[in-house]
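**Student:** Predicted structure and sequence below. I'll ask about it afterward.
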Amino acid sequence: MLILVYMKSIIYTTSNHITTYALIYGDYGIIRSLVLCFSRVFLAEIRKDASGHGQFQN
């Protein structure tokens, strides 16, 4: 469970940085599509890990 909390904090922090960058540089559409893509991957990994059928891979 600690890993999940840690991963979530990383995701939130990264999202905040990316959003700030997007607001400053105006590439919000491109950045948002990247964020959506990455968050789908993260959510899939978190679901697999929580159900015990997968591991986080480095």
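**Tutor:** Right, received. Where do you want to start?
**Student:** alpha carbons only for contacts and neighbour counts from here, please
**Tutor:** Will do.
**Student:** which residues are contacting the helix or strand encompassing residue 3?
**Tutor:** Using DSSP states H and E, residue 3 maps to helix 2-25. Residues outside helix 2-25 that contact it (CA atoms under 8 Å, 6 or more residues apart in numbering) are 28, 31, 35, 39, 46.
**Student:** From the contact counts, what lies against the host helix or strand of the second one?
**Tutor:** To tie it back to what came earlier, the one meant is residue 31. Residue 31 belongs to helix 28-51 when assigned by DSSP H and E. Applying 3 or more CA pairs under 8 Å, 6 or more residues apart in numbering; DSSP states H and E, one finds that helix 28-51 contacts helix 2-25.
**Student:** List the buried residues in the helix it packs on.
**Tutor:** 11, 15, 18-19, 22 (16 or more other CA atoms under 10 Å).
**Student:** thinking again about what came up before, determine the angle, from 0 to 180 degrees, between the helix holding residue 31 and helix 2-25.
**Tutor:** Helix 28-51 and helix 2-25 are oriented at 180 degrees to each other (axes from the mean of the first three to the mean of the last three CA atoms, to 10 degrees).
**Student:** May I ask which of the buried residues of helix 2-25 comes out lowest in pLDDT?
**Tutor:** Lowest pLDDT among the buried residues of helix 2-25: residue 22, with 66.
**Student:** How much space separates residue 36 from residue 18?
**Tutor:** 12 Å (CA to CA, to the nearest Å).
**Student:** right, I mislabeled it, should have said residue 8
**Tutor:** Distance of residue 8 to residue 18, computed by CA to CA: 15 Å.
**Student:** which stretches of this structure have low pLDDT?
**Tutor:** 1, 21-29, 50-58 (pLDDT under 70).
**Student:** repeat that for 50
**Tutor:** Residue ranges of the chain with pLDDT under 50: 58.
**Student:** then the helix holding residue 3 to PDB, C-alphas only?
**Tutor:** Once non-C-alpha atoms are left out, helix 2-25 reads as follows in PDB (Å, rounded to 0.1, in the frame of the first residue of the first chain):
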ATOM      1  CA  LEU A   2       2.900   2.300   0.700                       C
ATOM      2  CA  ILE A   3       4.000   2.000  -2.900                       C
ATOM      3  CA  LEU A   4       0.600   3.000  -4.200                       C
ATOM      4  CA  VAL A   5       0.600   6.100  -2.000                       C
ATOM      5  CA  TYR A   6       4.100   7.000  -3.200                       C
ATOM      6  CA  MET A   7       3.100   6.400  -6.800                       C
ATOM      7  CA  LYS A   8       0.000   8.600  -6.400                       C
ATOM      8  CA  SER A   9       2.100  11.500  -4.900                       C
ATOM      9  CA  ILE A  10       4.500  11.200  -7.900                       C
ATOM     10  CA  ILE A  11       1.700  11.300 -10.300                       C
ATOM     11  CA  TYR A  12       0.100  14.300  -8.700                       C
ATOM     12  CA  THR A  13       3.400  16.200  -8.400                       C
ATOM     13  CA  THR A  14       4.200  15.500 -12.100                       C
ATOM     14  CA  SER A  15       0.700  16.500 -13.200                       C
ATOM     15  CA  ASN A  16       1.100  19.800 -11.400                       C
ATOM     16  CA  HIS A  17       4.400  20.500 -13.000                       C
ATOM     17  CA  ILE A  18       3.100  19.600 -16.400                       C
ATOM     18  CA  THR A  19       0.000  21.800 -16.000                       C
ATOM     19  CA  THR A  20       2.200  24.700 -14.900                       C
ATOM     20  CA  TYR A  21       4.500  24.200 -17.900                       C
ATOM     21  CA  ALA A  22       1.500  24.000 -20.200                       C
ATOM     22  CA  LEU A  23       0.000  27.200 -18.900                       C
ATOM     23  CA  ILE A  24       3.300  29.000 -19.200                       C
ATOM     24  CA  TYR A  25       4.200  27.800 -22.700                       C
END
